[in-house]
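> Structure for this input, please:
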Amino acid sequence: MTLPLVSVAIPAYNHAAYIEACLASVCAQTYPELELVLIDDGSQDDTLAIARRYLEPHRERFRRIVLERQENQGVSAASNAVIAACQGEWVHLLGSDDVLYPDKVARIQQAIADWDCPDLALVHADADYIDQHGGQLARQPRRSRPAPGPDREAWRWLFMGGHYVFNPTLALRREAVLAVGGFDPKLPQEDLDCFLRLSARYAIARVPEVLASYRKHPGNNLRRRVRVLGALFQTYGKFLAEHGSLIPDDEIRRHFRQNLKRFWRRMRRKQPWLLPVVLGAQLKSHLRTPQAEDYRRFGRLLDRAAV
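From the prediction side, this is the model:
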């Protein structure tokens, strides 16, 4: 039986130190019918040159290789470009600093075939953490994970934050990603935003196996954490504006109050004068269901604090 072509898509930026390990893990995949599409997003280092040099003796491993460079446009634009350039129905999107385990593509493609779910748009699995040198940090956190198999209400745990998707384990149905508009360049939390939009229209599924390594970098400082939380507020606001009718009012109220607590933990030392604003918003959430603009307001406050 002829296996379908599967794409491995890598948006790359300034990862000269990691790109060879990333590509080696792709070349080692046990799934035979692969194409590799890598778009360098205007790196200021030798990422693309190292990729070209490494792949030269491995060209026969792939049915097709695309290596291109574009002017720097950010991770969302690079992800959209690399997905658009793929020819496979399923695209395994991979950061240029992360590493796949040899059976990653094969196991996910087998699960897709076994499930035979026509509206499936995203498949993910579990992952290890590695440090900047490739040393293993820890197995996946012991917090709960989504149930295995297709889930047509994945927006519940994506929005409420009970679980998350390990990005190196992603497989995306290309047609579905294009149908929802891909990754939004205006949002810093572009991955969660895209997953939420997919979950509102399609099924999302998990393979309960550790199939990749996510590389952690230095620099996870307070300013970055404030910026990430601000991006989350903006992303939640956008989803409520577009698909708020999916979520019961009591869940929105609980979610908003939970995130106000996170907001205050980040801001109480930096801007203590915001306490009345937080308390006022918390009180109002008991009287009415928070709206998209309520989330966006606190997102803007966090954005300003991160500057």
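
> Give me the residue ranges of the chain where confidence is low.
138-144, 162, 218-223, 307 (pLDDT under 70).

> mind listing what's buried in the longest helix along it?
Looking across the chain with DSSP state H, the single longest helix is helix 222-243. Within helix 222-243, the residues that qualify as buried are 226-227, 229-240, 243, counting by 16 or more other Cβ atoms under 10 Å. (Each C-beta comes from the backbone N, C-alpha and C, glycine too.)

> and that helix, what other elements does it pack with?
For helix 222-243, the packing partners by 3 or more Cβ pairs under 8 Å, 6 or more residues apart in numbering; DSSP states H and E come out as helix 155-160, helix 190-201, helix 249-267, helix 292-305.

> relative to helix 190-201, how tilted is that helix?
Angle between the axes of helix 222-243 and helix 190-201 is 20 degrees (criterion: axes from the mean of the first three to the mean of the last three Cα atoms, to 10 degrees).

> hey, where'd the helices end up in this protein?
Taking DSSP H as the criterion, the chain carries its helices at 19-27, 47-55, 75-84, 104-115, 155-160, 174-179, 190-201, 222-243, 249-267, 275-287, 292-305.

> any chance of those helices in TSV, with distance to residue 1 too?
Formatted as TSV, those follow (distance: least, Cβ to Cβ, whole Å):
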stretch	distance to residue 1
helix 19-27	23
helix 47-55	28
helix 75-84	27
helix 104-115	10
helix 155-160	35
helix 174-179	22
helix 190-201	29
helix 222-243	39
helix 249-267	45
helix 275-287	55
helix 292-305	48
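
> can you tell which of the ones you listed is closest to residue 207?
Residue 207 sits nearest to helix 104-115 of all these, at 4.9 Å, using Cβ to Cβ.

> in stretch 247-258, what's buried?
247, 252, 253, 255, 256.

> picking that back up, please work out which of the helices and strands packed on helix 222-243 is packed deepest.
Comparing the helices and strands packed on helix 222-243 by mean neighbour count (mean count of other Cβ atoms under 10 Å), helix 190-201 ranks first with a mean of 21.

> Give me the residue at the spatial middle of this structure.
Nearest to the mean C-alpha position of the chain, by Cα atoms, centre = their mean, lies residue 191 at 3.8 Å.

> gap between it and residue 123?
For residue 191, the distance to residue 123 equals 15 Å [Cβ to Cβ, to the nearest Å].

> cool, and residue 154?
To residue 123, residue 154 is 11 Å away according to Cβ to Cβ.
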